[in-house]
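*Asks:* sequence below, structure please.
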Amino acid sequence: MDYCHDAFTLTAAVLRALCTALPQEQRLAVAEELRVQGERLNESTDESMVRLGGTLSAFAALARGEPDEASAVVRALQPR
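*Replies:* The predicted model follows:
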């Protein structure tokens, strides 16, 4: 397991714990902010920023309580 994957897993676990403690309205607000930031970065011409945007999109899905969608985004980010 490489370092980036470890950082993603740790961040996802912390995000999940925080969102579990939040009321639904606040959890969805966090998810929306992550989604918006991810979309902005996806418009970049810098590949690393696009990958970060995809990661934020995965985090947004986790914050919404959609782990299958988050997994699909993470799989799409994997180099082929």
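*Asks:* can you list the weak-confidence ranges in the chain?
*Replies:* Applying pLDDT under 70 to the chain flags the ranges 1-5.
*Asks:* does residue 79 sit in a helix, a strand or a coil?
*Replies:* Three-state call for residue 79 (DSSP: H, G, I helix; E, B strand; the rest coil): coil.
*Asks:* look up how far residue 14 lies from it.
*Replies:* Applying C-beta to C-beta, to the nearest Å, the value for residue 79 to residue 14 is 25 Å. Using the backbone N, CA and C atoms, a C-beta is placed for each residue, glycine as well.
*Asks:* again with residue 31
*Replies:* 15 Å.
*Asks:* okay, the two: which has more neighbours?
*Replies:* Neighbours were tallied for residue 31 and for residue 14 using other C-beta atoms under 10 Å; the higher tally belongs to residue 31 (20 against 10).
*Asks:* okay but that one is in contact with residue 56, surely?
*Replies:* No. Proximity of residue 31 to residue 56 does not meet the contact threshold set by C-beta atoms under 8 Å, at 10.4 Å.
*Asks:* what's the closest non-adjacent residue to residue 73?
*Replies:* Nearest residue to residue 73, sequence neighbours excluded (C-beta to C-beta, 6 or more residues apart in numbering): residue 58, at 4.1 Å.
*Asks:* please name every helix or strand in contact with the helix or strand containing that neighbour.
*Replies:* Element membership of residue 58 [criterion: DSSP states H and E] is helix 47-63. Applying 3 or more C-beta pairs under 8 Å, 6 or more residues apart in numbering; DSSP states H and E, one finds that helix 47-63 contacts helix 3-21, helix 24-42, helix 67-77.
*Asks:* okay, angle between that helix and helix 67-77 too, please.
*Replies:* 170 degrees (axes from the mean of the first three to the mean of the last three C-alpha atoms, to 10 degrees).
*Asks:* which of the helices and strands packed on helix 47-63 sits closest to residue 51?
*Replies:* helix 67-77 (6.0 Å; C-beta to C-beta).
*Asks:* what's the angle from that closest one to helix 24-42?
*Replies:* 10 degrees.
*Asks:* centre of the chain to helix 67-77, how far?
*Replies:* How far helix 67-77 lies from its chain's middle: 9 Å, per C-alpha atoms, centre = their mean, to the nearest Å.
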